[in-house]
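Chemist: fold the following for me, if possible:
(one chain, ligands or ions: 1)
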Amino acid sequence: MTQVRVRFAPSPTGPLHIGGVRTALYNYLFAKKNNGTFILRIEDTDQVRFVEGAEEYIMESLEWCGIKVEEGIREGGKFGPYRQSDRKAIYRQYADLLVEKGDAYFAFDTAEELEKLRSSYEKQGFTFIYNASNRESLNNSISLETSVWKKKIEGGEPYVIRYKMPPGEEISFSDLIRGNIVVNTSTLDDKVLFKSDGMPTYHLANIVDDHLMEISHVIRGEEWLPSLPLHVMIYRSLGWDQPLFAHLPLLLKPDGKGKLSKRDGDKMGFPVFPLYWPYGETAKGYREEGYYPEAFVNMLAFLGWNPGTEQEIFSIDELSESFSMDRVGKSGSRFDPEKAKWFNHQYLQTKTDREIAMEFREILRTHGFNYDIINLEKLVGLVKERVTFVKEIWDQTDFFFKAPATYDPEVVKKRWKEDSGLIISELRSVLEKADDFSPSTTESIVKAWIESKGYNTGAVMNAFRLVIVGASRGPHMFDIINWIGKTETLSRIDKGLSIIGK
Ligand code: GLU
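Modeler: A predicted model of the protein is given here:
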């Protein structure tokens, strides 16, 4: 088999959408699976759409995901440069070669002229397509006398180079995901290959680079499928072997209706970008929302691919071992924000209490508390099963760090009975006598006391929780009092009794 070389070729036009990250991921997994090379090529031929910061954002996103670039603008490589604007000098010769072969031509139509044509076609209920059906009546090197168009060029009149799509040919080609596709060339237009600003368009630059960089497989989003017939034609015109193509299914909105957009994320409160985007209209990112990159990558891998087994948790290395193009679906994959959270929950459970405690310590600092890791490890162990993100640990544990400032009135109404004050005072003396505050000791002392008095365990424990936590939430009571310690426990009981009543 030929050496597998794949590329992820984003345009730096803004933050990288998670659909783009998935394309990068599938390219990377495919490369790893086949001992191939993963290349990052920046496609910035459209200078108007260039956005400052986007290139850095793309590289940082891949890095965060653990997608390692082997050849790229930062890494270098023997097929460089890897940024199209740095390759500007390369493209023109191929546009000229196509003109020489008679497969491309110069066109002088101005934007205004084309706009006029478009609207007059539209008025008559047609769509304007620049191709064999009308090119001879338009302003180009096919319709004009050679001396005329040469003079225009010499005189510095702006022009573009268009591909001369032959009419009435059935071209057939195949896609690794979609199988065989047949298209009649009469439905296609004479796409611009080279612009008047001296830059190639995406179509020309993409093909020239894929060829020169010896790309073996082009794996990209489905939105590029309509361009494939043109690309196949250009490969043929240039006499180059084509790479194999795989067009990945779209990422759909959670309701399955249409392409997943930033607006869906904003509406439903989930990010559609890997990282926070800080420029202009800012956008939320998975990283900043508290997702682990492993969870994010695992979730993305499953949007369009499945391993054919029940296994859902895969590290990036396991993914690359199992990945194959024939398990990538044809139909769009519906994005499920709840499933994304599920993955994060699963990954959080696999972290050690110490790892989580280190992360939580930072969050705790922002709330003004400094604790050592040993104490936090114990705490994390008590609540980690209940949380999806480390940041949620604070909501689950705030009462460990501070005595309740208020007591939930609903709970007071429901749980604080007439005799509760008396019982909790008794409980205070029982606990005061305990030398050992380990959960098992306090639990057995308290249970024995409840039994000897014939109290209702639920009622006592509910009232106890109310004075310690201020509400009816939290882990096992004896774990809580062990963590906060005897002095704090007794002082919270005193505070509770003085506020809720004796
Ligand atoms: N520059 C194109 C994009 O932004 C790449 C398409 C391709 O991979 O051929 O999606």
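Chemist: any idea which helix or strand carries Gly168?
Modeler: If you go by DSSP states H and E, Gly168 is not part of any helix or strand.
Chemist: quick one: neighbours of it, just the number.
Modeler: Gly168: 8 surrounding residues under other CB atoms under 10 Å. Any C-beta I mention is one placed from the backbone N, CA and C, and that applies to glycine too.
Chemist: spit out the contact partners of the closest residue to it other than its chain neighbours.
Modeler: The shortest distance from Gly168 to any non-neighbouring residue, by CB to CB, 6 or more residues apart in numbering, is to Ser186 (5.4 Å). Ser186 is in contact with 131-133, 167-168, counting by CB atoms under 8 Å, 6 or more residues apart in numbering.
Chemist: neighbour-wise, which of those leads?
Modeler: Asn131 (20 neighbours).
Chemist: before we move on, back to that, and the gap between the residue nearest to Gly168 and Arg178?
Modeler: Distance, Ser186 to Arg178, by CB to CB, to the nearest Å: 22 Å.
Chemist: and what of Gly421?
Modeler: Computed as CB to CB, the Gly421 to Arg178 distance reads 73 Å.
Chemist: with Glu288 instead?
Modeler: From Glu288 across to Arg178, the span is 36 Å (CB to CB).
Chemist: of these two, who's got more company?
Modeler: The neighbour comparison of Glu288 against Arg178 (other CB under 10 Å) goes to Arg178, with 15 against 12.
Chemist: residues touching that one, list them.
Modeler: Neighbouring residues of Arg178 by CB under 8 Å, 6+ apart: 225, 247, 330.
Chemist: and the pLDDT for the second one?
Modeler: Okay, so that is His247. If you check His247, the pLDDT there is 97.
Chemist: quick check, the host helix or strand of it touching the ligand?
Modeler: In this assignment (DSSP H and E), His247 forms part of strand 244-248. No - residues of strand 244-248 contacting the ligand under CB under 6 Å from any ligand atom: none, with a closest distance of 9.4 Å.
Chemist: by contact count, what packs against the following helix or strand past that strand?
Modeler: With elements assigned by DSSP H and E, the helix or strand that comes after strand 244-248 is strand 251-252. Using 3 or more CB pairs under 8 Å, 6 or more residues apart in numbering; DSSP states H and E as the contact test, the elements touching strand 251-252 are helix 18-33, strand 333-334.
Chemist: tell me the mean pLDDT for strand 251-252?
Modeler: 96.
Chemist: stretch 280-290 now?
Modeler: Across stretch 280-290, the per-residue pLDDT values average to 96.
Chemist: ok, stretch 144-158 next?
Modeler: According to the model, stretch 144-158 has a mean pLDDT of 97.
Chemist: picking that back up, the contacts of Arg178 into JSON lines, with extra columns for distance to Asn456 and neighbour count?
Modeler: As requested, the contacts of Arg178 are exported to JSON lines (distance: CB to CB, whole Å; neighbours: other CB atoms under 10 Å):
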{"residue": "Leu225", "distance to Asn456": "68", "neighbour count": "16"}
{"residue": "His247", "distance to Asn456": "66", "neighbour count": "24"}
{"residue": "Lys330", "distance to Asn456": "61", "neighbour count": "13"}
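Chemist: just name the closest of those residues to the ligand, please.
Modeler: Closest to the ligand out of these is His247 (9.6 Å), distances taken as CB to the nearest ligand atom.
Chemist: please report how far the closest one lies from Met325.
Modeler: Noted for His247: a distance of 11 Å to Met325, by CB to CB.
Chemist: repeat for Glu426
Modeler: Remark: distance between Glu426 and Met325 (CB to CB) = 70 Å.
Chemist: same question, Arg135
Modeler: 38 Å.
Chemist: more neighbours: the two, which one.
Modeler: Applying other CB under 10 Å to Arg135 and Met325 shows that Arg135 carries more neighbours, namely 22 against 17.
Chemist: okay, now the closest residue to the more buried one other than its chain neighbours: neighbour count?
Modeler: Closest residue to Arg135 apart from its sequence neighbours, by CB to CB, 6+ apart: Ile142 at 5.6 Å. The number of residues packed near Ile142 is 16, by other CB under 10 Å.
Chemist: now do the SS call for Ile142.
Modeler: Following DSSP: H, G, I helix; E, B strand; the rest coil, we place Ile142 in the coil state.
Chemist: pretty sure it sits against Asn134.
Modeler: No - with contact defined as CB atoms under 8 Å, Ile142 does not reach Asn134; the gap is 10.9 Å.
Chemist: let's verify Gln3: helix, strand, or coil?
Modeler: For Gln3, the assignment made with three-state DSSP gives coil.
Chemist: and it, how many neighbours?
Modeler: Using other CB under 10 Å, Gln3 has 10 neighbouring residues.
Chemist: distance of it from the ligand?
Modeler: 19 Å (CB to the nearest ligand atom, to the nearest Å).
Chemist: ditto for Val6
Modeler: Applying CB to the nearest ligand atom, the value for Val6 to the ligand is 10 Å.
Chemist: tell me the bridge partners for that residue.
Modeler: Phe38, His217 (DSSP bridges).
Chemist: these two touch, right, it and His217?
Modeler: Yes - between Val6 and His217 there is a contact under CB under 8 Å: 5.1 Å.
Chemist: comparing these two, which residue is more hemmed in?
Modeler: Val6 (26 against 22).
Chemist: now the more buried one: how far from Ser324?
Modeler: Separation of Val6 from Ser324 (CB to CB) stands at 14 Å.
Chemist: next one: Thr146
Modeler: 53 Å.
Chemist: more neighbours: the two, which one.
Modeler: A direct count of neighbours by other CB under 10 Å for Thr146 and Ser324 places Ser324 higher, at 13 against 8.
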